[in-house]
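>>> Need coordinates for the below:
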Amino acid sequence: MDRPGFPADKNGCGLNNIRTILDDDISLSIEQVCSSYQVPIKDNSFSEVAIAGTYIPEQQLSAFDNEQISGNWIISISDLNPHDYGKLNQWCITAEIHDSPVTPYESPAPGSLPNQALLSGVKGQAQALPLDCESRSAVDWANYFGVWIDEIKFYESLPDSENPDLGFVGSVYGTWGQLPPYPYGVHAEPVAARLRKHGLSAVAHRPFSWDALRAEIAAGRPVIAWIVGSKYPGYYDYVVNGIPEYYPTEEGTVTTAARYEHTVIITGYTSDSINFLNGGGIYQKGLQQFLESWSVLGNMAITLDE
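All right, here's what the predicted structure looks like:
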């Protein structure tokens, strides 16, 4: 990254603190980001974070594909502002190892998609349990495709795990806003697996591109998306920015989690906004705000494989 936030004049973002993950497969470049959001930290407290989420780096990380993991990795940082100073608190690299090359999801060409699309008939209701938003989204999504599922039974069918990629973490009656292994929720694959048990060809993605999401909506298929919310005293907000946190699992892997993890169903888009179902209502947010919120958990989503 190089003075992100204002690429035109290279003055950089004037706010404090960066808490970010760099990933080639996300929808927003880190050069485009300088948020003014107060990001939830814990226990209903908030902090100024100029850049939080997961973004594309200036130079693609694919340059390191097929490199040896062993050896010394060196990060270089320069602070060239003579009137200010900064410091690096921590950094790390996570590497994915595969026996054979991974075929990426092919996004449609942007020019082939309509400038806007809106689905009708996507309906829902408020979740029944404090932390079962994923189950509520799943049964509302299934209902759109003509499959009725009981919300409580769907939640009870999810496996339990301390790894949200494998099952539901903690008590569903816990307090929203915690990280694993405390009451948290569940990520996309276990939810998609249960939906497949009900006859739906659900596919979990992480990451999923913005163009691919638009293609699903344009084809008449809503998408379940993992975003981040926040809880101010006496007030809830959804589709806001947040901080991705690496979480080491019992299986020896690393996954990304975030406080106030939440799910919504994307039902429409324009050139600068998205529509989504949350509980019983359809809401609208700005596109940039959605992409930042969706990026925190790595553009995680569930689609119907047609």
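>>> from here on, contacts and neighbour counts on C-alpha atoms
Fine.
>>> give me the number of residues near residue 216?
For residue 216, the tally of surrounding residues (other CA atoms under 10 Å) stands at 21.
>>> That one contacts residue 210, correct?
No: Residue 216 is beyond contact range of residue 210, at 10.0 Å (criterion: CA atoms under 8 Å).
>>> quick one, phi psi at residue 122?
Main-chain dihedrals, residue 122, degrees, to the nearest 10: phi -90, psi 110.
>>> Residue 230 is in contact with residue 237, correct?
Yes: applying CA under 8 Å as the test, residue 237 and residue 230 come out as touching, 5.2 Å apart.
>>> show me what contacts residue 200?
142, 304 (CA atoms under 8 Å, 6 or more residues apart in numbering).
>>> Now do the SS call for it.
Classification of residue 200 using DSSP: H, G, I helix; E, B strand; the rest coil returns coil.
>>> now swap in residue 139 and tell me
Relying on three-state DSSP, one would call residue 139 helix.
>>> I figured it hits residue 150, correct?
Yes: taking contacts as CA under 8 Å, residue 139 lies within contact range of residue 150: 7.0 Å.
>>> higher neighbour count, the two?
For residue 139 and residue 150, the more surrounded residue by other CA under 10 Å is residue 139, and the numbers stand at 21 against 11.
>>> Contact partners for the more buried one?
Residue 139 neighbours (CA under 8 Å, 6+ apart): 148, 149, 150, 151, 154.
>>> ok, 10 Å please
124, 145, 147, 148, 149, 150, 151, 152, 154, 155, 195 (CA atoms under 10 Å, 6 or more residues apart in numbering).
>>> Save the residues you listed as TSV, and put in distance to residue 167 too.
Listed next are these as TSV, based on distance: CA to CA, whole Å:
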residue	distance to residue 167
124	23
145	24
147	22
148	22
149	19
150	19
151	16
152	16
154	13
155	10
195	14
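>>> Tell me the one of those nearest residue 48?
residue 124 (33.9 Å; CA to CA).
>>> what's the spacing between the closest one and residue 118?
16 Å (CA to CA, to the nearest Å).
>>> between the two, who's got more neighbours?
Using other CA under 10 Å as the criterion, residue 124 and residue 118 rank with residue 124 on top: 20 against 15.
>>> surely the more buried one meets residue 278?
Yes: with contact defined as CA atoms under 10 Å, residue 124 reaches residue 278; the gap is 7.5 Å.
>>> Just among the contacts of residue 139, which is most surrounded?
Neighbour-wise, the contacts of residue 139 (other CA under 10 Å) top out at residue 195, 24 neighbours.
>>> so what's the backbone phi/psi at it?
Torsion angles, degrees, to the nearest 10, at residue 195: phi -60, psi -40.
>>> who's in contact with it?
Taking CA under 10 Å, 6+ apart, one finds 135, 138-139, 141-142, 147, 149, 154, 189, 201-203, 302, 304 in contact with residue 195.
>>> mind redoing it with 8 Å?
138, 142, 201, 202.
>>> Can I have the buried ones of those as a ChimeraX selection?
To isolate the buried subset of those in ChimeraX, counting by 16 or more other CA atoms under 10 Å, use the following:
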select :138,142,202
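>>> would a markdown table of the contacts of residue 195 with pLDDT be doable?
A markdown table is the format used below for the contacts of residue 195 (pLDDT from 0 to 100):
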| residue | pLDDT |
| --- | --- |
| 138 | 98 |
| 142 | 98 |
| 201 | 97 |
| 202 | 98 |
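>>> In three-state terms, label residue 84 for me.
coil.
>>> now it: how far from residue 17?
With CA to CA as the criterion, residue 84 and residue 17 are 13 Å apart.
>>> Repeat that for residue 262.
24 Å.
>>> try residue 72
26 Å.
>>> Looking at those two, which one has more neighbours?
residue 17 (16 against 6).
>>> ok, that one touching residue 47?
No: contact criterion CA under 8 Å: residue 17 and residue 47 do not qualify, at 9.1 Å.
>>> For the stretch 1-150 of the chain, just list every one of the helices.
Using DSSP state H, counting those that start in this stretch, the helices assigned to the stretch 1-150 of the chain run over residues 133-144.
>>> Show me the shaky parts of it.
For the stretch 1-150 of the chain, the stretches flagged by pLDDT under 70 are 6-11, 36-46, 102-107, 109-110.
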